[in-house]
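In: Build me a model:
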Amino acid sequence: MNAIKQLCTQNAGEAAVLQGNIAFAAGCVRSGIHAVDGYPGTPSTEVIDKGLSNVQDMIKVGWSVSEAVAVSMGHGHSLAGEDCIVTMKIPGLFQAGDPFSSSAFFTEDRGALVYYLASDFTPSSTQHLVDPRPFIRSCFTPIFEPRNHQEMHEAAEIAADISRQYKTPVVILASGTLCHSEGLVRLSEIRTRERVVSSVPLKAFNTLPVTARRNYDKVVTERMPALADMVEKSPLNVWERGSRKVGVITFGVGEMMVREVKQALGEDIDILSLGFTCPLPMNLIREFHASIEGDVYVVEDGYRYLQEELERAGLAVKGKSPADTVTEWDPAGIAALLGYSLKSPAASDVAPLPRAPMICAGCPYRLFGETVRSMKKRGKIEACFGDIGCNTLLYFMDAMDTNVAMGAGEAHRAGFIVANPDKAAKCISLLGDGTECHSGMDATRNTIFRHIAGVKVVLDNNWTAMTGGQPGPTSPVNLAGQENTFDLQASLKAHGAKVVVVNGYDRKGIRTALTSALEDAANGEFTTMVVTGVCIRKMPKSAYGTRMTVDADLCKRCGQCQICPGISADAEGLPSFNNLCSGCVSQNAACGQMCPVHAIKAAEAVDTRATARVELPKAPEEIAMPAPGSFTLPEKIAVAIRGVGGQGNLFFGRVLTQLAFLAGYGDTNVVKGETHGMAQMGGPVISTFSCGKVVSPVLLPGTADCLVSMEMSEVLRPGYVGMLRPGGTVLLADTRVLPYGVSEDAYPHRDAILGTLDGYNVIIIDVLKAALELGDPTGRIANVVMIGALSTLAPFDGFPAELWLQALRNVSPKPAIWTANHAAFNVGRGLL
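Out: The predicted structure is shown next:
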């Protein structure tokens, strides 16, 4: 039985430490929801991708080609009497705005229709910071905002019951912080839901003007007053009474932050925590406001939705100014809002490295990006109109200039060319295969319909890659495993487009095809160029066996091969290949094609399994667990981990949550926060972990027992050292990852880095070297070596080694991985 099915079938009341998205996914099944549909969008993706895709025998689930299609699918399920949830991130709501708003006003019996909208107000992976609440409110749709992982787990049932009772769609607005952090959850009761049997003919569900007018009036005069009465009486509103000197009104993830501040600073404040932000329980809010003798503060993410609603109601509150740029609160910011100052180290004059996210080493997009960059330098291309997805990262190669929304690149180019016909042969548009199928094909039809000359490029890697490799129309199979019959190239040709196909690992072919297409554009033709190459994260591990070598005698040290994070040059300019090199997954290596003297060639193939070159001791099949009460649990433990995307921060954090749960912190609390999105693609990544007397996944400054940095210079990120308590430990990897395009000279000097850590206990260990010596040519188990080292430091050394090992095995139980991790952990314990 897989882990998700186990969560869906375990006894009610059992405890688990779950990511918010997984807690929600399990709640969908346990509450009897019939169907879940959606479109991948960080931070919502894992609900289906890592969650419900594993229990397709228990719930109907699938990816649709766009958010608008997913919403319409959900509406169809509800008309059939089924309870359906539709998942997406906030920009997807606006892509689906037409069916979302239209379906909000039907007032007849049907199945529940619930939208799971994941916010990203940082943002980490989202293209805008628009607060969706005013739009949702204008559709008279209730909004429930979970405040913790337990409510994430229960949200599906809460929303579906409201949807049925009040004959309305319901929005679950889930903070990205909750979606991607982990917390303690008690599993809900398992229930079944019978379909709604409606006697209303489908003709009642139409948007003819007369029907729309009638439905609108009914929603305003009947549904909304009933919902307002419901939220006033709802037990999901929580008034935590204090001394009445200071009051805070909050909702969603803001409540966790407020409670963290109150708990850490011991402040006696009154808190009104709201379960719903539409409609608002204004009578309850007025009562709370009148009870406070001093100031009343509003803590909310997004813009100033709640604050402005209360100010319009004549209530004096303090929060953000109209020009305030805070979109997500953290405990430090809330403490400052309430007038408390926290000590933090003076700002360092040693700047961290700029570390832009990059496409993966060996990605089939890279040579196309290099070709465009070269042609731009030579004036052959003036602008590239881009898209949302992995191709967005070509911006950092100067191969993409502008983008605004999924699938929109070609329409932007076309509009630009209609205004500037003379530039048709100087501009291109760029989309991924997923976004071409999402909404980009509309623009293809439009360009052909309008007879607009130019070049459109579709980078086809077969998967929705940026969000983790979910299946789309160009994938071999759909989520259910059914063989794909959609043909992207044939579809484009059927539209009337001239289609040119070229291999993404063929530099000469790309250059020739793009040059020819631009020449045709000068003659008034429109060409769609499809660049093919499977996402390397979907390639079998056997394809990673090629290793590259450099002939030092032939090499001219010209630097033209420096196009990839898997290759770097020494002080004299001689290139070498690091653990990130994928060998372009046994394709024609990009760096070799860039070399003008053919000094780079493929060396012998090697087995990239962790145990390929070193015979590791067999890991135990069973671990003797320590007796309960045989070790002492600290009241609270906190650690923060920084690194570069791909170094295994997220795995590190998952091991710590398993450790805490095994140790017995399930009786108090376990929380973990993490960075997702574009930061994973070689950008800066942070994970936080705490257990015991804790609330928030975001740490209050000065509360971490230890800081771990998997890359040496990442310890310099602003605010990171400030997380550490006085006398705390910094565990620093002796690993340098030089960002793409940054010279060796720009890397901060070792002594300068250490100088910023004066006053702390600093320990430096070479975890990457240890991983390589264990036979892992990728160095990926360096994080486990670091976990082993951490286990020997106070206060983490209070946990018996057996608990650490069991936590590692729980996270990665496959025998080969368990053997490698067991060895790496033990090596790490011996390094200090």
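In: So which residue of the protein lies furthest out from the middle?
Out: residue 553 (45.0 Å; CA atoms, centre = their mean).
In: Give the buried residues for stretch 820-832.
Out: 820, 821, 822, 823, 824, 825, 826, 827, 828, 829, 831 (16 or more other CB atoms under 10 Å). For the C-beta atoms, the positions are set from N, CA and C on the backbone; glycine is no exception.
In: got the contact list for the lowest-mean-pLDDT helix or strand in the chain?
Out: In the chain, the helix or strand scored least confidently by mean pLDDT, DSSP states H and E is strand 567-569, which has a mean of 86. The contact list for strand 567-569 (CB atoms under 8 Å, 6 or more residues apart in numbering) reads 548, 557, 559, 561-562, 575-578, 581, 591, 738, 744.
In: Pick out whichever of those sits closest to residue 221.
Out: Nearest to residue 221 among these: residue 738, at 64.5 Å, using CB to CB.
In: Burial check on the closest one, number of neighbours?
Out: 18 (other CB atoms under 10 Å).
In: what about it, helix or strand, and which?
Out: Here residue 738, judged by DSSP states H and E, is contained in no helix and no strand.
In: What are the boundaries of the helices in the stretch 1-150 of the chain?
Out: In the stretch 1-150 of the chain, the segments counted as helices under DSSP state H, counting those that start in this stretch are 3-9, 20-30, 46, 67-79, 90-95, 97-103, 133-138, 149-166.
In: now those in JSON lines, with mean pLDDT and mean neighbour count?
Out: Formatted as JSON lines, these follow (pLDDT from 0 to 100; neighbours: other CB atoms under 10 Å):
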{"stretch": "helix 3-9", "mean pLDDT": "96", "mean neighbour count": "18"}
{"stretch": "helix 20-30", "mean pLDDT": "98", "mean neighbour count": "29"}
{"stretch": "helix 46", "mean pLDDT": "96", "mean neighbour count": "25"}
{"stretch": "helix 67-79", "mean pLDDT": "98", "mean neighbour count": "24"}
{"stretch": "helix 90-95", "mean pLDDT": "96", "mean neighbour count": "22"}
{"stretch": "helix 97-103", "mean pLDDT": "97", "mean neighbour count": "19"}
{"stretch": "helix 133-138", "mean pLDDT": "98", "mean neighbour count": "17"}
{"stretch": "helix 149-166", "mean pLDDT": "98", "mean neighbour count": "23"}
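In: and these as TSV, adding distance to residue 684?
Out: Formatted as TSV, the helices of the stretch 1-150 of the chain follow (distance: least, CB to CB, whole Å):
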stretch	distance to residue 684
helix 3-9	29
helix 20-30	22
helix 46	21
helix 67-79	29
helix 90-95	23
helix 97-103	33
helix 133-138	30
helix 149-166	25
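In: quick one: which of those helices is nearest residue 371?
Out: Across the helices of the stretch 1-150 of the chain, residue 371 has its closest neighbour in helix 90-95 (29.6 Å, CB to CB).
In: Give me the helices and strands touching the closest one, please.
Out: In this structure, helix 90-95 makes packing contacts with helix 67-79, strand 113-118, helix 133-138, judged by 3 or more CB pairs under 8 Å, 6 or more residues apart in numbering; DSSP states H and E.
In: cutoff 10 Å now
Out: If you count contacts as 3 or more CB pairs under 10 Å, 6 or more residues apart in numbering; DSSP states H and E, helix 90-95 packs onto helix 67-79, strand 84-89, helix 97-103, strand 113-118, helix 133-138, strand 170-174.
In: Redo the ones you listed as CSV? Include distance to residue 28.
Out: Shown next, in CSV, are the helices and strands packed on helix 90-95 (distance: least, CB to CB, whole Å):
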stretch, distance to residue 28
helix 67-79, 13
strand 84-89, 6
helix 97-103, 20
strand 113-118, 9
helix 133-138, 21
strand 170-174, 11
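In: for the ones you listed, which one sits closest to residue 732?
Out: strand 113-118 (33.8 Å).
In: what ranges do the helices span in the stretch 201-350 of the chain?
Out: Counting by DSSP H, counting those that start in this stretch, the helices of the stretch 201-350 of the chain are 209-218, 224-233, 254-265, 282-291, 305-312, 331-337.
In: Point out the most buried one among the ones you listed.
Out: Most buried of those by mean neighbour count (mean count of other CB atoms under 10 Å) is helix 254-265; its value is a mean of 24.
In: can you tell me the average pLDDT over that one?
Out: Averaging pLDDT along helix 254-265 yields 93.
In: what separates it from the chain centre, distance-wise?
Out: In terms of CA atoms, centre = their mean, to the nearest Å, the centre of helix 254-265 is set 25 Å apart from its chain centre.
In: Likewise for stretch 444-454?
Out: Distance of stretch 444-454 from the chain centroid (CA atoms, centre = their mean) equals 35 Å.
In: What of stretch 236-245?
Out: Centre-to-centre, stretch 236-245 and its host chain are 34 Å apart (CA atoms, centre = their mean).
In: so where do the strands sit in the stretch 701-832 of the chain?
Out: Along the stretch 701-832 of the chain, counting by DSSP state E, counting those that start in this stretch, strands occupy 704-709, 724-733, 761-765.
In: circling back to that earlier point, as TSV, the buried residues of stretch 820-832 with distance to residue 382 would be great.
Out: TSV is the format used below for the buried residues of stretch 820-832 (distance: CB to CB, whole Å):
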residue	distance to residue 382
820	50
821	51
822	56
823	54
824	50
825	54
826	57
827	54
828	52
829	57
831	54
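In: closest to residue 29 among those residues?
Out: Nearest to residue 29 among the buried residues of stretch 820-832: residue 821, at 30.0 Å, using CB to CB.
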